[in-house]
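[1] Predicted coordinates and the sequence they were generated for:
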Amino acid sequence: MNDSSNWRDLVVSFDEAGLEQLRRGAGAAVNSLATTPAGPRSRLSPHEIHELIATLDVCPDEGVALDAVLEELGTKVWAHGVVPSDPACVAHLHPPSLLPAVVSELAIAAANQSMDSWDQSPAATEVELHLLGWLAKLIGLPAGASGVMTSGGTASNVLAMTLARSAAAQRLGVDVLKSGLPPEAARWRVLCSDQAHFSLQRAAQQLGLGRDAVVTVATTAAGQMDLAALDTTLEGLTTEGLEVIALVATAGTTDLGVIDPMVEIAARAQRHDAWFHVDAAVAGAFLLSERLRPLLAGLELADSVTVDFHKLWWQPFNASALIVADVARFDLLRVRSDYLDRGDELDGVVNLVGRSLDTSRRFDALKVVTSLRTLGRRNLAAMLEQLVALTNYAAARVEESPHLALVAAPATVSCVFDAPGFDADALRDVQQRLLLRGEMVLGRTKIKGRAALKFTFMNPLTTTDDVDQLIALITDELAASGASRRS
Ligand SMILES: Cc1ncc(COP(=O)(O)O)c(C=O)c1O
């Protein structure tokens, strides 16, 4: 099939012959997945995988039939990947994909709209705007709020901080994109909790503010931003003559899944005339559930919100959004160009490049819309509630285990724990041995310096029996280890 000697058959077209080629190619791609491991990962070591992939002849002089290429990739790549739908794949915010999204990916790639300019994506531009308008409304932002899709939570947070920086400069009458940072920028600070994602530091370093411009506020034992510590920090910064240009709350921290008190943080942001950004990459999906939505009180007060569809909305990478309450703020980063964003378009044309740090960009909005329409809000809410219940179940099992101890009560879908008597090296050995044997992809992190293991439950098909097995595997591994003791 798809004989490479006739390259004309390999350029996607939409006549009947082209669609037939696509159907057959899609079938072969699906077949290549039959080699995925039965567990969460293959048993090959990092070096063995390196050697195996090195045998791929990336670009032979003469092409190989697509069927054969896909088959080889099945045995070399998919057979040695991780399997996010496996119940023992619990390390990261790494979900199994929804079928409607996966099949949409084929259509997205085949149709290949580019989201930078309307003339490359007419209906697609409207779909993205429609989706983001819906999301803005769901958040409870003012009418007209909208945004842009990005490649991930990191990109969304960087974009939000770019807007916050431009807004701070605008207050001084400075166009930071044109003139660079004003001298006052040395006094600008961004505040977030000590559990916030590192992409905020990355943003500050990229934006010329420097990593040290990010001041982290201490968290409570549960992992929420401590409001008393926030007030002390704000007072201290004001006394030092420093200016808080952005206050960032996290709705679902990376490790503990904790949601910061957003109403209270928003009030402080307003008092300090600072941009209020919420990184809701993790818990933004809770908007879909009537039961979980109250946890997001205050999200509607944000100037900008990061939502990652490729986390608890079960979308394949990449799919994230930055929603901005006042879309006019995007003008702060607009770069006109003679060929793309010309400013003299047909009435009704929107060129999304004006909102984005990317130029060419995928039509990821389509897979999200396909998934939301196919599943419907009630199903999605039930899946989220199921994961939260599963996480609470895991926490209860950890609590009653004589060998394990919770680091904090779970807040969303992660359960972080350690093993009293076992030090950081012992926990690392447990995690690495389970990974190497292909039995579990387990999370490992540090919370305020305390080494810990982590389950992140992203698969709504995982059962309480699966959780029991995961805990049994870990306790067996701890028992078997000749690990060094803390005390
Ligand atoms: C709270 C939070 N924000 C942002 C990110 C970054 O998201 P991405 O990996 O999509 O860039 C993560 C990643 O886990 C996260 O947990």
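    Thanks, I have it.
[2] Now tell me what touches the lowest-mean-pLDDT helix or strand in the chain from outside.
    Lowest on mean pLDDT, DSSP states H and E among the helices and strands of the chain sits helix 176-179, with a mean of 91. With C-beta atoms under 8 Å, 6 or more residues apart in numbering as the test, helix 176-179 has contacts from 165-166, 169-170, 182, 185, 332-333, 335. Where you see a C-beta, it was placed from the backbone N, CA and C, and this is true even at glycine.
[3] can I assume P460 is in contact with M383?
    Yes. Assessed by C-beta atoms under 8 Å, P460 is found in contact with M383 at 4.0 Å.
[4] just the CA coordinates of stretch 377-394, formatted as PDB?
    The C-alpha coordinates for stretch 377-394 follow below in PDB (Å, rounded to 0.1, in the frame of the first residue of the first chain):
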ATOM      1  CA  ARG A 377     -20.900  17.900  29.700                       C
ATOM      2  CA  ARG A 378     -22.600  15.300  32.000                       C
ATOM      3  CA  ASN A 379     -20.300  12.500  30.900                       C
ATOM      4  CA  LEU A 380     -17.200  14.700  31.300                       C
ATOM      5  CA  ALA A 381     -18.400  15.800  34.800                       C
ATOM      6  CA  ALA A 382     -18.900  12.200  35.800                       C
ATOM      7  CA  MET A 383     -15.400  11.200  34.600                       C
ATOM      8  CA  LEU A 384     -13.900  14.000  36.600                       C
ATOM      9  CA  GLU A 385     -15.900  13.200  39.700                       C
ATOM     10  CA  GLN A 386     -14.900   9.600  39.300                       C
ATOM     11  CA  LEU A 387     -11.200  10.600  39.300                       C
ATOM     12  CA  VAL A 388     -11.500  12.700  42.400                       C
ATOM     13  CA  ALA A 389     -13.300   9.900  44.200                       C
ATOM     14  CA  LEU A 390     -10.600   7.500  43.100                       C
ATOM     15  CA  THR A 391      -7.900   9.800  44.400                       C
ATOM     16  CA  ASN A 392      -9.700  10.100  47.800                       C
ATOM     17  CA  TYR A 393      -9.900   6.300  47.900                       C
ATOM     18  CA  ALA A 394      -6.100   6.000  47.200                       C
END
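[5] returning to that earlier point: of the contacts of helix 176-179 - the most surrounded one?
    With neighbours taken as other C-beta atoms under 10 Å, the top of those is R165, carrying 27 neighbours.
[6] Surely that one is within a strand?
    No. Assignment of R165 by DSSP: H, G, I helix; E, B strand; the rest coil gives helix, placing it outside any strand.
[7] With adjacent residues omitted, what lies nearest to it?
    Take R165 and drop its neighbours on the chain: the residue closest to it by C-beta to C-beta, 6 or more residues apart in numbering is L207, 5.3 Å away.
[8] of all the residues in the stretch 101-250 of the chain, which ones are close to the ligand?
    152-154, 157, 197, 199, 250 (C-beta under 6 Å from any ligand atom).
[9] Quick one: these as a markdown table, columns for pLDDT too.
    A markdown table is the format used below for these (pLDDT from 0 to 100):
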| residue | pLDDT |
| --- | --- |
| G152 | 98 |
| G153 | 98 |
| T154 | 98 |
| N157 | 98 |
| H197 | 98 |
| S199 | 98 |
| T250 | 98 |
